[in-house]
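Asker: following is a predicted model, sequence given first.
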Amino acid sequence: MAYMIEHNGGIVLFTINREEKRNAINDEVMHGFQEVLTYIRQRQDVQFLVITGAGQQSFCSGGDLSVFHALTTEDEAFHMLSKMGHILYDLATLPIPTIALVNGAAVGGGCEIATACDFRLVANHAKCGFIQGTLAITSGWGGGTYLLERGLRYDDSLKMLMDAKPYSTEKLREIGWATHIFEGESMAALEMFIQQLSSIHPSVQTAYKEIVLRKWKEHHLYERIMEEIKTCARLWESEAHHEAVQQFLTKKKGE
Ligand SMILES: CC[C@@H](C(=O)O)C(=O)SCCNC(=O)CCNC(=O)[C@H](O)C(C)(C)COP(=O)(O)OP(=O)(O)OC[C@H]1O[C@@H](n2cnc3c(N)ncnc32)[C@H](O)[C@@H]1OP(=O)(O)O
């Protein structure tokens with residue numbers, strides 16, 4: 001199965017389980033995200049949602065280019081991008097704290113998923129970045145908008161998007177993207193991080209999330225995300241993008 005959902009105590013853990021593809025997102029994983037979000041919305045006993053990836057190399061490498069390269073037009077791209085965009089919007093607007101347990105590289109859409117979460121616990125070997133620029137597109141799942149809402153310095157955020165390269169954990173901590181950098185076992189790091197939060201009554205966490213969601217509503221977050229997705233869909237159609245994807249997909253064979 002391309003994903004796993006585990007519910008232990010008040011914690012729901014969603015694991016992207018495609019290690020051989022560095023946990024790239026395909027339709028099955030998108031379905032998994034929809035399933036876990038529906039599950040959480042129907043229950044009262046979930047305190048935290050944690051997203052992680054299988055293995056130690058990668059949290060998520062973004063959209064599965066071996067599948068999505070078949071999408072050539074702006075409309076086709078918009079359909080896929082907005083599907084995941086809605087999933088990330090539902091994730092970001094959950095009334096409970098969300099945690100990206102970044103066990104390895106988080107690039108492209110993987111960096112967007114992590115940025116859509118409230119907290120990012122990052123393994124010290126992980127490299128993370130909005131590398132979409134190297135494919136001649138922008139972030140297409142709303143990640144740029146979330147980044148600009150995360151309270152990082154404006155120039156650091158914009159540079160992270162425009163640099164289009166993976167950052168080291170040192171840099172991720174310096175600019176404030178990473179909440180915490182950990183060494184060793186990721187579940188141990190999660191446990192330590194959650195310990196204090198879970199000692200507080202869940203209604204307090206929900207009340208703080210309400211403040212965030214109110215601000216986002218006032219800032220027209222949803223509309224801005226939809227515009228971001230449209231921009232990416234427009235660039236997706238370009239020759240430059242298709243060439244860059246082709247290069248990524250054939251690079252191994254050519255080496
Ligand atoms: C579509 C939405 C868009 C968005 O809105 O953001 C995107 O997400 S665009 C996609 C952005 N992602 C990429 O450009 C791919 C980035 N991948 C990498 O940089 C690296 O794979 C890695 C994540 C840093 C891991 O490097 P490494 O450990 O050296 O593994 P390999 O590169 O050898 O990969 C192993 C295996 O996995 C395949 N792979 C990796 N990422 C993807 C992907 N996104 N889509 C499809 N396949 C992917 C890679 O091709 C290798 O396959 P094999 O050669 O068949 O073993």
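Answerer: That came through, no problem. Keep in mind that this is a model prediction, so the values were computed, not measured.

Asker: list the buried residues in the strand or helix carrying Asp75.
Answerer: Asp75 is part of helix 74-92 when elements are defined by DSSP states H and E. For helix 74-92, a neighbour-count test (16 or more other Cβ atoms under 10 Å) marks 74, 77-78, 80-82, 84-92 as buried. Where C-beta positions appear, they are placed from N, C-alpha and C, glycine not excepted.

Asker: that one: what's the following helix or strand?
Answerer: Sequence-wise, the next helix or strand downstream of helix 74-92 (DSSP H and E) is strand 98-102.

Asker: any part of that next one near the ligand?
Answerer: No: for strand 98-102, no contact with the ligand is found by Cβ under 6 Å from any ligand atom; the gap never falls below 12.1 Å.

Asker: what pLDDT, on average, does that strand get?
Answerer: Mean pLDDT, strand 98-102: 98.

Asker: again, but for stretch 127-142
Answerer: What stretch 127-142 shows for mean pLDDT is 98.

Asker: so what's the backbone phi/psi at Phe182?
Answerer: phi -130, psi 160 (degrees, to the nearest 10).

Asker: and the pLDDT for it?
Answerer: 98.

Asker: what helix or strand is the closest residue to it other than its chain neighbours on?
Answerer: Once flanking residues are discounted, Phe182 sits nearest to Ala189: 3.6 Å by Cβ to Cβ, 6 or more residues apart in numbering. Taking DSSP H and E as the definition, one finds Ala189 inside helix 186-197.

Asker: and the very next helix or strand once past that helix, C-alpha only, in CSV?
Answerer: Downstream of helix 186-197, the next assigned helix or strand under DSSP H and E is helix 202-218. Only the C-alpha atoms of helix 202-218 are listed here, as CSV (Å, rounded to 0.1, in the frame of the first residue of the first chain):
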residue,chain,number,x,y,z
PRO,A,202,-6.9,19.7,23.7
SER,A,203,-9.5,22.5,23.8
VAL,A,204,-6.6,25.0,24.3
GLN,A,205,-4.8,23.7,21.1
THR,A,206,-8.0,23.9,19.2
ALA,A,207,-8.7,27.5,20.4
TYR,A,208,-5.2,28.6,19.2
LYS,A,209,-5.8,27.0,15.9
GLU,A,210,-9.1,28.9,15.6
ILE,A,211,-7.1,32.1,16.0
VAL,A,212,-4.8,31.0,13.1
LEU,A,213,-7.8,30.0,10.9
ARG,A,214,-9.5,33.3,11.6
LYS,A,215,-6.4,35.2,10.4
TRP,A,216,-6.2,33.1,7.3
LYS,A,217,-9.8,33.7,6.4
GLU,A,218,-9.2,37.5,6.8
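
Asker: how much distance is there from helix 202-218 to the middle of the chain?
Answerer: 20 Å (Cα atoms, centre = their mean, to the nearest Å).

Asker: what does stretch 29-43 give?
Answerer: Here stretch 29-43 shows a centroid-to-chain-centroid distance of 15 Å under the convention Cα atoms, centre = their mean.
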